[in-house]
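Trainee: prediction below, plus the sequence it came from.
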Amino acid sequence: MNDFDTVIRHGTVATACDTMQADIGIRDGRVVAIGLGLARGREEIDATGLLVLPGGVDAHCHLDQPMGEGLRMADDFLTGTRSAACGGTTTVIPFAAQEKGQSLRAAVEDYHRRAEGKALVDYAFHMIVTDPTRTVLHEELPALIEAGYTSFKIYMTYEDMRLDDRQILQLLAVARRHGALAMIHAENADCIAWLTETLEEAGHTAPKFHATSRPMAVEREATHRAIALSEVVDVPILIVHVSGREAIDQIRWAHAHGLRIYAETCPQYLFLTANDLDDGYEGAKCVCSPPPRDKANQRVVWDGLADGLFTIVSSDHAPFRFDDPQGKKPGGQEVPFQYIPNGIPGLETRLPLLFSEGVLTGRITLNQFVALTATNPARLYGLHPRKGTIAVGADADIAIWDPHREVTIENRLLHHAVDYTPYEGMRVTGWPVTTLVRGQRVWDAGQVCGQPGQGRFLPCGKPEMARPKVVDPAAGGHYVANLPDALRQLTRARHE
Ligand code: DUC
Ligand code: ZN
Ligand code: ZN
């Protein structure tokens, strides 16, 4: 009898900490041995000259999210997770969005129906809370956190989703009390509304003015406010999709003051600029929020990846077809920028872009790449050590990379249902040649071989990283040390 279902042999294995020559033995979907000279498996994969990495965890993507007003996301759980697998990602965490007036539980159940029988890779859900009623705050959200939905997104902008500061404080207090992680979209809604009105009055409606309507000050102010709200409640938060220097400066300030603020960035802030929106209506392809900035800001984001400011890199895949009345041309029209659905596709290109321009150029190490794209997101959302690493006992979610493969990114090569990629024509080196989810091949030698429904739902644990910092009041320096005791009792975290 074979000890192993599969052995991956002769590869270079890298985790967030180590790089080593080792074989990987897989049984029943898990890694059961890491060593040299392992016994033969029923199946053997020769990884000579290849990198054996943990499958990516894309912790920010939107799939089949209802949009209202005649708009539709192009990717459902089948096409989205297929695309993820072909780019080396084995776990995705999309969003179950609450509509105003809807129960949070109903939103989560709706998403389960959408994913059921479709996914090729494993998935969990974040919630998006848009209507924090008393029932949501005191009953639904705590119960859902206990049931494995341990993170939720808060929007400071978008008219139909934005919450005011008081609502945000209420939600952060729930996160603290119940051990969840709050993700914050930090842009100042009123500034955007005023700038949009002003631009429209001046007749400036082309896609490029989307970037003008959301300058860095808008993101900087909201980032600082989110940090202050997190400080008041004394709970860590994640600032999602950080675009450039000004928001980064605020996060550096927070770190210098001992605050536990996590930060996420996305490939669009490393590879696109506002000039990409300046191409007539084609610019709509790159309309996303916050908007891409400029080359100097790209460099600051790279620095933040290299020096540890950022915790994770996600795609923020928000898939709208360009030439589509339900996509970037609502109703079949070239509309003013404020009606263009926000978002760009990126599930499949996230890892190859970062590997090529990050690891191969030496901006980040291979181990940092693994940490930012797999291990840290798994830790941040309570999926580690089952996901995000190669270790005995972990799920055998593995991407085997050819680090020398040269690829010119073309939409026709990708596996999403979007009719464009913003990275068309970009040349990268390195691409996953085989992706395994729990030991099963889902992408191999240029072929999709996973089955819809093979991906499983993952209830998330309460993330260790969401715990408030233990503060020694005698040490001083940390503002929340002064939080009155009575207030502390009210927001007391379960794990204190
Ligand atoms: N911005 C978001 O906040 N979500 C989806 C896409 C985008 O551009
Ligand atoms: Zn967002
Ligand atoms: Zn998003």
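Mentor: It's in. Numbering: from 1, shown residues only. Ligands and ions are numbered 1, 2, ... in the order given.
Trainee: list the contacts for residue 59?
Mentor: With C-beta atoms under 8 Å, 6 or more residues apart in numbering as the criterion, the residues that contact residue 59 are 92, 93, 126, 264, 312, 314, 377, 380, 381. Just so you know, the C-beta spots here come from the backbone N, C-alpha and C atoms, and that holds for glycine as well.
Trainee: list the contacts of the residue nearest in space to the middle of the chain.
Mentor: Relative to the mean C-alpha position of the chain, the nearest C-alpha, by C-alpha atoms, centre = their mean, is the one of residue 60, at 2.5 Å. In this structure, residue 60 makes contact with 93, 183, 240, 241, 264, 266, 314, 315, 316, 317, judged by C-beta under 8 Å, 6+ apart.
Trainee: and the chain, what are its domains?
Mentor: Using automatic domain parsing, the domain ranges for the chain come out as 56-380, 464-495.
Trainee: any residue of the longest one touching ligand 1?
Mentor: Yes. Under the criterion of C-beta under 6 Å from any ligand atom, domain 56-380 makes contact with ligand 1 via 62, 185, 288, 289, 316, 318, 342, 343.
Trainee: can you give me phi and psi for the nearest residue in space to the second one that is not next to it in sequence?
Mentor: Closest residue in space to residue 185, ignoring its immediate chain neighbours: residue 155 at 4.7 Å, by C-beta to C-beta, 6 or more residues apart in numbering. Torsion angles at residue 155 (phi, psi; degrees, to the nearest 10) stand at phi -100, psi 130.
Trainee: ok, back up a step: so which of the residues of domain 56-380 next to ligand 1 are in strands?
Mentor: Where these overlap with strands, as defined by DSSP state E, the overlap consists of residue 185.
Trainee: ranking the domains of the chain by burial, who's on top?
Mentor: Mean neighbours per residue, mean count of other C-beta atoms under 10 Å, is largest over these for domain 56-380, with a mean of 21.
Trainee: so the nearest residue to residue 371 once chain neighbours are set aside: helix, strand or coil?
Mentor: The spatially closest residue to residue 371, leaving aside those adjacent along the chain, is residue 16, at 3.9 Å (C-beta to C-beta, 6+ apart). State at residue 16, reduced to three classes by DSSP: H, G, I helix; E, B strand; the rest coil: coil.
Trainee: same deal with residue 25?
Mentor: Put simply, residue 25 is strand when judged by three-state DSSP.
Trainee: and it, how many neighbours does it have?
Mentor: Counted with other C-beta atoms under 10 Å, the burial measure for residue 25 works out to 24 neighbours.
Trainee: any weak-confidence spans in this structure?
Mentor: Low-confidence regions of the chain, defined here as pLDDT under 70, cover residues 1-2, 471-496.
Trainee: quick one, longest helix in it?
Mentor: With DSSP state H applied, the helix covering the greatest number of residues in the chain is identified as helix 216-233.
Trainee: output the contacting helices and strands for the helix or strand following that helix.
Mentor: Per DSSP states H and E, helix 216-233 leads on to strand 237-239 as the next helix or strand towards the C-terminus. Here strand 237-239 touches strand 181-185, helix 216-233, strand 261-265, going by 3 or more C-beta pairs under 8 Å, 6 or more residues apart in numbering; DSSP states H and E.
Trainee: residue of the stretch 101-250 of the chain nearest ligand 1, please.
Mentor: For the stretch 101-250 of the chain and ligand 1, the shortest gap (C-beta to the nearest ligand atom) falls at residue 185, measuring 5.0 Å.
Trainee: hmm, residue 163 and that residue touching each other?
Mentor: No. Under the criterion of C-beta atoms under 8 Å, residue 185 makes no contact with residue 163, lying 10.1 Å away.
Trainee: residues bridging contact with the two, i.e. touching both?
Mentor: Any residue near both residue 185 and residue 163 by C-beta under 8 Å, 6+ apart counts here, and that gives 154, 155, 156.
Trainee: now the residue nearest to residue 371: how far from residue 365?
Mentor: Relative to residue 365, residue 16 is positioned 10 Å away (criterion: C-beta to C-beta, to the nearest Å).
Trainee: same question for residue 400.
Mentor: Applying C-beta to C-beta, the value for residue 400 to residue 365 is 19 Å.
Trainee: same question, residue 73
Mentor: Counting by C-beta to C-beta, the gap from residue 73 to residue 365 is 35 Å.
Trainee: now do residue 387 against residue 420, distance only.
Mentor: Distance check for residue 387 against residue 420: by C-beta to C-beta, it reads 30 Å.
Trainee: tell me which of the two has more neighbours.
Mentor: Neighbours were counted for residue 387 and for residue 420 using other C-beta under 10 Å; residue 387 has more, 26 against 21.
Trainee: still on that earlier bit, and the residue nearest to residue 185, what does it touch?
Mentor: Neighbouring residues of residue 155 by C-beta under 8 Å, 6+ apart: 128, 130, 161, 162, 163, 185.
Trainee: strands of the stretch 101-250 of the chain, start to end?
Mentor: Listed in chain order, the strands found in the stretch 101-250 of the chain under DSSP state E, counting those that start in this stretch are 122-123, 126-128, 151-155, 181-185, 237-239.
Trainee: and the fourth one, which strands flank it?
Mentor: Strand 181-185 sits in its sheet next to strand 151-155 (parallel), strand 237-239 (parallel), going by DSSP bridges.
Trainee: with distance to residue 107 added, can I get the ones you listed in TSV?
Mentor: Formatted as TSV, the strands paired with strand 181-185 follow (distance: least, C-beta to C-beta, whole Å):
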stretch	distance to residue 107
strand 151-155	11
strand 237-239	20
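Trainee: those strands: which one's closest to residue 41?
Mentor: For the strands paired with strand 181-185, the distance to residue 41 is smallest for strand 151-155, at 36.2 Å, taking C-beta to C-beta.
Trainee: how much space separates the closest residue to ligand 1 within the stretch 1-150 of the chain from residue 403?
Mentor: When you check the stretch 1-150 of the chain against ligand 1 by C-beta to the nearest ligand atom, the closest residue turns out to be residue 62, at 5.6 Å. With the distance defined as C-beta to C-beta, residue 62 ends up 30 Å from residue 403.
Trainee: again with residue 100
Mentor: The separation that residue 100 has from residue 403, given C-beta to C-beta, amounts to 48 Å.
Trainee: name the element residue 10 belongs to?
Mentor: strand 4-14.
Trainee: got the CA coordinates for that strand in CSV?
Mentor: These are the backbone C-alpha positions of strand 4-14, laid out as CSV (Å, rounded to 0.1, in the frame of the first residue of the first chain):
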residue,chain,number,x,y,z
PHE,A,4,0.8,8.8,-0.1
ASP,A,5,-1.8,9.6,-2.6
THR,A,6,0.6,12.1,-4.2
VAL,A,7,4.2,13.0,-3.8
ILE,A,8,5.6,16.3,-5.2
ARG,A,9,9.2,15.6,-5.7
HIS,A,10,12.5,17.5,-6.3
GLY,A,11,10.9,21.0,-6.0
THR,A,12,12.0,24.1,-4.1
VAL,A,13,9.5,24.5,-1.3
ALA,A,14,8.9,28.0,0.1
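Trainee: now what about that strand, what contacts it?
Mentor: Defining contact as C-beta under 8 Å, 6+ apart, one finds that strand 4-14 is touched by 19-28, 32-34, 38-48, 50-53, 366-367, 370, 390, 396, 398, 400, 436, 439.
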